[in-house]
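[1] Requesting a structural model of the entry that follows:
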Amino acid sequence: MTAPDRVRVAAHAKLNLFLRILAREQSGYHQIETAFALLELADELIVSRAPSGVTGVTLSVQGATADLGPPEQNLAVRAAHAVLEASGRRCGVAIELVKRIPVRAGLGGGSSDAAAALLAVNALAGDAVPRAELLQFATRLGADVAFFASGAPTAIAWGRGERLFRFAPPPAAPGLVAVPPAGVATPDAYRWWDALYLEPGARGPVVLDAEALAGWGSIGRLGGNDFEIPVFGKHPALRTLFERMAATKPLWVRLCGSGSAVAAVYRSERDREDAAMMVGEKQQRLIRTMTRATPAAGPEPIAS
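    Presented below is the predicted three-dimensional model:
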């Protein structure tokens, strides 16, 4: 089968259903335990093969409301280079990125873009790089990238996020994401956690069985997000936002990853709309979305 010249792929946002920081390595990295779930909210990548004789990776971005940094440091660009090098292709690719996932919100937009680029460039290369090798690239790019590259709608992750166990997702449900004006950088959040817990203590038991992960109510009782205490301590307005979201009676509510967004899941769209009215959009942006109960779709060829 001939490889396509142009593909489109959705790069979905994620929720951390719970997040526990288990240990701090001497290297400075942290061992975590978390559960990921995809949202319908997604960036879009259109990746095209460059004309003959043109090499390298170019990136154009639409919709970004924050500086994404130099293109050569962008995770999607680095992912594209990794696949081109591994596949032995001497061609170039152009990435058109439409940003819809807020930056520095804890929703995994950059990591999801990287995973989408891995899959898209590999599709242009005729799937020359085996899936297992793509997942290795994903692990080296970042802690969340392997989950996004797996295509799973939900998974438990350990270590630095590279060890994954897929589980059956709970039913798709309406979600509301509140995004404050200020973002939180993940390195800052870990540094604040380190300052609070100079000697991380032993953690209590958690039973992660299929029944506990089957519904949003039981997921909400599994545990919290270890970033909430340090991040709320540095940003009291985020604590207030979290408390306002919790007061809307969601099935589940948490700080998104290391912040700064707060997300909640509701029984119905009516409940979500009532919550949106209660929270308001004067001090934060509200994004209405759904959780996913089906795997993420792969790259879709675009006719020339």
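[2] where are the low-confidence patches of the stretch 201-304 of the chain?
    For the stretch 201-304 of the chain, applying pLDDT under 70 flags the ranges 304.
[3] That one: helices as residue ranges?
    For the stretch 201-304 of the chain, the helices defined by DSSP state H, counting those that start in this stretch occupy 216-220, 228-234, 236-246, 269-279.
[4] closest to Thr186 out of those?
    Ranking these by proximity to Thr186 (C-beta to C-beta) places helix 228-234 first, at 10.4 Å. The C-beta positions use only the backbone N, C-alpha and C, and glycine is treated the same way.
[5] Contacts made by that closest one with the rest, please.
    When contacts are defined by C-beta atoms under 8 Å, 6 or more residues apart in numbering, helix 228-234 is touched by residues 184, 188-189, 192-193, 195-196, 238-239, 242, 254-255, 258-260.
[6] Closest one to Ile21 out of the residues you listed, please.
    Distance to Ile21 across the contacts of helix 228-234 (C-beta to C-beta) is lowest for Trp193, with 6.1 Å.
[7] Relative to Val184, how far out is the residue lying closest to the closest one once chain neighbours are set aside?
    With sequence-adjacent residues excluded and distances taken as C-beta to C-beta, 6 or more residues apart in numbering, Trp193 is closest to Pro230, at 4.7 Å. Here the criterion is C-beta to C-beta, to the nearest Å. By it, Pro230 lies 10 Å from Val184.
[8] Can I get stretch 223-238 as CSV, trimmed to CA atoms?
    Listed next in CSV are the C-alpha coordinates belonging to stretch 223-238 (Å, rounded to 0.1, in the frame of the first residue of the first chain):
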residue,chain,number,x,y,z
GLY,A,223,-7.7,9.6,45.7
GLY,A,224,-6.6,13.1,44.8
ASN,A,225,-3.8,14.9,43.0
ASP,A,226,-0.6,15.3,45.0
PHE,A,227,0.0,18.6,43.2
GLU,A,228,-3.0,20.2,44.7
ILE,A,229,-1.5,21.1,48.1
PRO,A,230,1.7,22.7,46.8
VAL,A,231,0.1,24.4,43.7
PHE,A,232,-2.9,25.8,45.7
GLY,A,233,-0.4,27.0,48.3
LYS,A,234,1.3,29.1,45.6
HIS,A,235,-1.9,30.1,43.8
PRO,A,236,-4.7,30.6,46.3
ALA,A,237,-7.0,31.7,43.5
LEU,A,238,-6.7,28.1,42.1
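[9] quick one: buried residues of it?
    Residues of stretch 223-238 classed as buried: Gly223, Asn225, Asp226, Phe227, Glu228, Pro230, Val231, Phe232, His235, Leu238 (neighbour count, 16 or more other C-beta atoms under 10 Å).
[10] can I get those residues in a markdown table with distance to Pro295?
    Below are the buried residues of stretch 223-238 laid out as a markdown table (distance: C-beta to C-beta, whole Å):
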| residue | distance to Pro295 |
| --- | --- |
| Gly223 | 25 |
| Asn225 | 25 |
| Asp226 | 28 |
| Phe227 | 27 |
| Glu228 | 29 |
| Pro230 | 34 |
| Val231 | 31 |
| Phe232 | 34 |
| His235 | 35 |
| Leu238 | 32 |
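[11] okay, the helices of the stretch 201-304 of the chain in a markdown table with distance to Arg163 next?
    What follows is these, written out as a markdown table (distance: least, C-beta to C-beta, whole Å):
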| stretch | distance to Arg163 |
| --- | --- |
| helix 216-220 | 20 |
| helix 228-234 | 24 |
| helix 236-246 | 29 |
| helix 269-279 | 33 |
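[12] so which of those comes closest to Pro70?
    The nearest among the helices of the stretch 201-304 of the chain, by C-beta to C-beta, is helix 228-234 at 26.9 Å.
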